[in-house]
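Q: what would the 3D arrangement of this be:
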Amino acid sequence: MLFRNNFAKRALQTTVALAALTGTAFGPAAAADQEPITIVINQSPWFAGFQAVVEKYEQETGNTVELDVNPFAGSLEKQRTAVRSDESPFDLVIMNAGFFTEFYTGGFLDPLNAIDPEFKLSKDIYTFDDSVCWDAKAVRITCETGELMSVPVNPNILILHYRSDLYQEHNLSVPKTWDELLENAKVLKSKNMYGISQRGQRGAFDVTYDVFPYIWAYGGGIIDQQEDGSYRISMNSPETRAGMEMYLKLAEEVGHPSTAGQTQTNVIQNMATGRAAHIDSVLAPGLFDNPDKSAVVGKVDYAAPPGTVEHGSATPLGHWLAGVPMNIPDANKKAALAFLTWFQTDAAQRAYAEAGSAPVSRAVLTSEMADTQEFRWMKALADALPNARLTFTIPEASQLLAVTELRFNQAIGEEMPLNEALNTAAAEIAKVLEDAGYKYQKLEDLN
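A: So this is what the prediction gives:
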């Protein structure tokens with residue numbers, strides 16, 4: 001495998017013999033003699049698992065895959081440039097849930113059945129709120145009338161991580177609501193431990209992503225599409241404010257003293273080093289059970305994020321989708337499909353989980369693997385996924401996120417009062433929608 005990484009420049013060429021695939025419908029003939037492909041991808045907690053699966057693909061097929069690895073924002077910019085060039089240097093683009101609509105609406109991806117009419121999404125693979133399909137005529141996400149545009153490569157939803165050993169010691173129950181979590185966090189907070197560690201730093205899709213479970217649990221949102229296709233700006237609704245008040249209450253009473261500066265890496269490390277009793281984060285189970293990287297091996301357990309009695313639990317889809325650019329040679333498109341076909345197999349999905357990353361296969365998440373200590377996180381993921389929701393479904397998502405990332409961060413860092421931050425963001429979102437020609441409804445300012 002060729003491996004390009006902006007963090008550590010190195011290249012590794014693995015030459016392997018073609019090996020037959022057994023136990024799946026995907027045989028060696030479908031994978032053999034494919035063109036080398038390049039995948040542009042982000043550096044993330046689940047990347048190591050994906051890398052391991054790519055290595056397994058190469059070993060089993062003899063095909064070559066190059067990974068172009070970048071920070072989140074850098075990967076997105078490379079994708080945007082690539083699909084608009086004369087010929088993309090990437091044969092698969094790994095798109096995030098916050099931005100994939102931009103690539104669909106722009107017509108930058110080839111429908112997968114246009115490459116191969118026989119290609120299918122496995123019945124065991126989640127569609128993640130139909131985000132794998134796009135109806136270009138209706139301009140909407142739907143698998144009822146839309147074409148298959150992508151294959152999921154990682155679920156990447158927020159899951160509650162908690163110290164199961166401390167729960168047992170203090171006879172605590174897994175929280176179903178944010179109020180219950182707050183009470184548990186108060187019990188576990190100490191001089192050397194935060195009751196909870198929350199991500200609050202501004203980024204490309206950072207703090208906005210992590211506050212969704214709070215604001216949705218209280219009936220809030222950012223923009224909500226209505227029946228007539230118009231949008232209601234709910235950023236400064238009383239419900240969104242209530243969700244943010246709970247986030248801030250946790251941060252102030254039991255959280256990190258500098259929550260506004262906490263990145264995803266900080267949050268995960270706070271749990272791994274024994275400094276946090278709870279985090280609501282994307283899964284990185286391989287890290288927490290690795291004795292070389294974790295001080296809490298076997299002490300972290302998992303559950304669906306808390307909610308409220310009125311609205312239940314909800315988690316944002318921050319999943320990743322693999323799409324094939326229009327502007328690459330046909331042979332490369334077929335080679336990309338060969339990899340995606342293999343990636344969907346039960347064997348590949350199990351190997352993905354064994355490498356420490358979450359699979360996108362329902363069959364694997366509900367298999368006998370979930371009953372083991374090593375894969376105890378699978379049940380939490382399977383419980384949370386039915387309530388996972390798409391966040392932004394318009395191509396102007398990056399403009400909306402530029403607003404929300406700043407204003408949420410300012411509210412958390414006390415640079416701006418909460419009401420003012422939400423009202424300011426709502427006005428700025430209205431400007432984005434107005435400039436793009438959308439019909440929308442704006443609420444009265446919060447007092």
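Q: use CA for all of it now, contacts and neighbours both
A: Noted.
Q: okay, A32: pLDDT?
A: On pLDDT, A32 comes in at 61.
Q: kindly report the domain assignment for the protein.
A: 2-155+317-365, 159-316+391-442 (automatic domain parsing).
Q: and the ones you listed: which comes nearest Q373?
A: Across the domains of the chain, Q373 has its closest neighbour in domain 159-316+391-442 (8.1 Å, CA to CA).
Q: ok, back up a step: need the domains of the chain in CSV (columns: distance to D371 and mean neighbour count).
A: CSV is the format used below for these (distance: least, CA to CA, whole Å; neighbours: other CA atoms under 10 Å):
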stretch, distance to D371, mean neighbour count
domain 2-155+317-365, 10, 19
domain 159-316+391-442, 13, 20
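Q: distance to L381 added to the ones you listed, as a markdown table?
A: Converted to a markdown table, the domains of the chain look like this (distance: least, CA to CA, whole Å):
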| stretch | distance to L381 |
| --- | --- |
| domain 2-155+317-365 | 8 |
| domain 159-316+391-442 | 7 |
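Q: among the ones you listed, which is nearest E374?
A: domain 159-316+391-442 (8.1 Å).
Q: just the terminal-to-terminal distance for the closest one.
A: Start to finish, the residues bounding domain 159-316+391-442 are 32 Å apart (CA to CA, to the nearest Å).
Q: got it, and stretch 361-380?
A: Using CA to CA, the distance between the terminal residues of stretch 361-380 is 14 Å.
Q: average pLDDT for it?
A: 96.
Q: same check on stretch 43-60?
A: Mean predicted lDDT for stretch 43-60 stands at 93.
Q: rank the domains of the chain by pLDDT, which is bottom?
A: Within these, confidence is poorest for domain 2-155+317-365, with a mean of 87 (mean pLDDT).
Q: which parts of the stretch 51-200 of the chain are strands?
A: 65-70, 92-96, 133-134, 147-148, 150-154, 159-163 (DSSP state E, counting those that start in this stretch).
Q: mind listing what the residue lying closest to K176 once chain neighbours are set aside touches?
A: Distance criterion CA to CA, 6 or more residues apart in numbering; nearest residue to K176, sequence neighbours excluded, is P306 at 4.8 Å. Listed by CA atoms under 8 Å, 6 or more residues apart in numbering, the contact partners of P306 are 160, 175-178, 181, 213, 312-314.
Q: ok, W216 next?
A: Contacts of W216 by CA under 8 Å, 6+ apart are 240, 243, 311, 314.
Q: can you tell me the centre-most residue of the chain?
A: G318 (2.5 Å; CA atoms, centre = their mean).
Q: thought that one was touching I159?
A: No: between G318 and I159 there is no contact under CA atoms under 8 Å: 11.6 Å.
Q: return the distance of Q344 relative to L401.
A: 31 Å.
Q: ignore the last one, E227
A: 24 Å.
Q: E144 too?
A: Counting by CA to CA - E144 and L401 are separated by 29 Å.
Q: do a quick rundown of the helices in the stretch 201-350 of the chain.
A: Taking DSSP state H, counting those that start in this stretch as the criterion, the stretch 201-350 of the chain carries its helices at 207-217, 238-254, 264-272, 285-288, 330-343, 346-354.
Q: which elements pack onto the fifth one?
A: Going back to what we said before, that points to helix 330-343. On a contact count with 3 or more CA pairs under 8 Å, 6 or more residues apart in numbering; DSSP states H and E, helix 330-343 meets helix 28-31, strand 37-42, helix 112-115.
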